[in-house]
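Participant: turn this into a structure:
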Amino acid sequence: MQKFSERLKYYLIGFTFGVIAVFFFFGERGCSWLPGNRVKNSIAEKSIIYGDSIKSLLECSKFTNEDIYNLLNSSGDIDFSESKTREIPKKYVFYGDNDIRVTFALHEKEEYSEIIEINAQCSTNISNQHKQILPLPKKIISSIIESNAYTYYPEAQCEMNCYGLSKADIKSFHKNATIDMEKSIPWVSTKIKNNNPEMANKLYYLKGEINGTSYDVMYEIGENRTRIKHIISNEDCNCD
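Facilitator: As a prediction, the model looks like this:
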């Protein structure tokens with residue numbers, strides 16, 4: 001019995017030091033089992049949409065899409081006392097820097113989240129019926145694209161040769177380009193993956209210029225590769 005109690009004591013001491021180490025090295029976001037982080041991950045891994053009235057309130061309050069996404073990392077906190085977790089969809093109230101306070105509705109079956117309320121200092125009469133995807137901040141897009149080594153589909157390689165572009169041109173293209181959210185697929189739902197395994201990867205459609213000429217570049221983000229799928233310009237290239 002004494003040996004068991006000693007083993008239990010050492011186990012608890014080791015477990016305690018382990019938890020402290022996780023907090024020290026990885027911060028709060030390193031503990032995905034914490035309730036707040038589970039909610040943040042559930043919202044962040046889905047597309048985030050908002051209506052025209054919410055967009056107007058964000059603009060007049062000078063809140064940016066980066067402010068919204070910052071709520072989903074360590075800078076944001078959830079007010080569970082104000083959240084409504086028993087409703088369908090569940091509603092979570094976030095607060096963070098610059099006194100921002102945002103309510104998300106988590107549509108779990110439809111696999112998206114919606115911004116339904118913010119603490120704006122202004123009002124609007126604009127309808128909220130028209131929905132759109134909240135654009136990703138530029139630094140997040142750059143981080144995603146730069147996280148893996150580049151590879152090129154044969155069509156993209158052909159298009160590069162046709163337009164006289166180098167790999168260096170394409171590798172730096174995203175730094176000054178803008179994302180077209182309407183054409184991009186930054187979140188791939190489970191339904192899409194199950195019905196079409198070829199669509200399992202995220203797609204980012206960026207628009208910009210190289211040496212004064214406009215180009216659209218399509219990026220496919222895999223687990224270990226950033227694949228250049230297509231390079232599009234006004235000049236015709238027979239690369240099909």
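
Participant: what pLDDT, on average, does stretch 89-109 get?
Facilitator: The average pLDDT within stretch 89-109 is 88.

Participant: hmm, Glu159 and Ile231 touching each other?
Facilitator: Yes - between Ile231 and Glu159 there is a contact under C-beta atoms under 8 Å: 4.1 Å. Every residue, glycine included, has its C-beta placed from N, CA and C.

Participant: which neighbours do those two have in common?
Facilitator: Counting by C-beta atoms under 8 Å, 6 or more residues apart in numbering, the common neighbours of Ile231 and Glu159 are Leu165.

Participant: who's more crowded, the two?
Facilitator: Taking other C-beta atoms under 10 Å, Ile231 and Glu159 do not tie; Ile231 has more neighbours (26 against 23).

Participant: can I see the domain layout of the chain?
Facilitator: Per automatic domain parsing, the domain ranges recorded for the chain read 1-31, 32-133, 138-232.

Participant: so what's the residue count around Ile140?
Facilitator: 15.

Participant: excluding chain neighbours, what is closest to it?
Facilitator: Excluding the flanking residues, the one nearest Ile140 by C-beta to C-beta, 6 or more residues apart in numbering is Tyr69, at 6.6 Å.

Participant: re earlier: any chance of the domains of the chain in CSV, with distance to Asp240 too?
Facilitator: Compiled in CSV, the domains of the chain are given as follows (distance: least, C-beta to C-beta, whole Å):
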stretch, distance to Asp240
domain 1-31, 44
domain 32-133, 29
domain 138-232, 7
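
Participant: between these, which has the poorest average model confidence?
Facilitator: domain 1-31 (a mean of 46).

Participant: which residues of this protein fall in strands?
Facilitator: 47-51, 77-78, 90-95, 101-107, 112-118, 131-133, 149-152, 178-179, 202-210, 213-221, 225-232 (DSSP state E).

Participant: verify the stated contact: Ile232 with Thr213.
Facilitator: No - when contacts are counted by C-beta under 8 Å, Ile232 is not listed as touching Thr213 (11.5 Å).

Participant: the two: who's more crowded?
Facilitator: Neighbour tally, Ile232 and Thr213, criterion other C-beta under 10 Å: the higher count belongs to Ile232, 16 against 13.

Participant: quick one: that one from Ala156, how far?
Facilitator: 10 Å (C-beta to C-beta, to the nearest Å).

Participant: one more: Lys207?
Facilitator: To Ala156, Lys207 is 16 Å away according to C-beta to C-beta.

Participant: which one's more surrounded, these two?
Facilitator: Ala156 (23 against 15).

Participant: that one and Leu165, how far apart?
Facilitator: Taken as C-beta to C-beta, the span from Ala156 to Leu165 is 10 Å.
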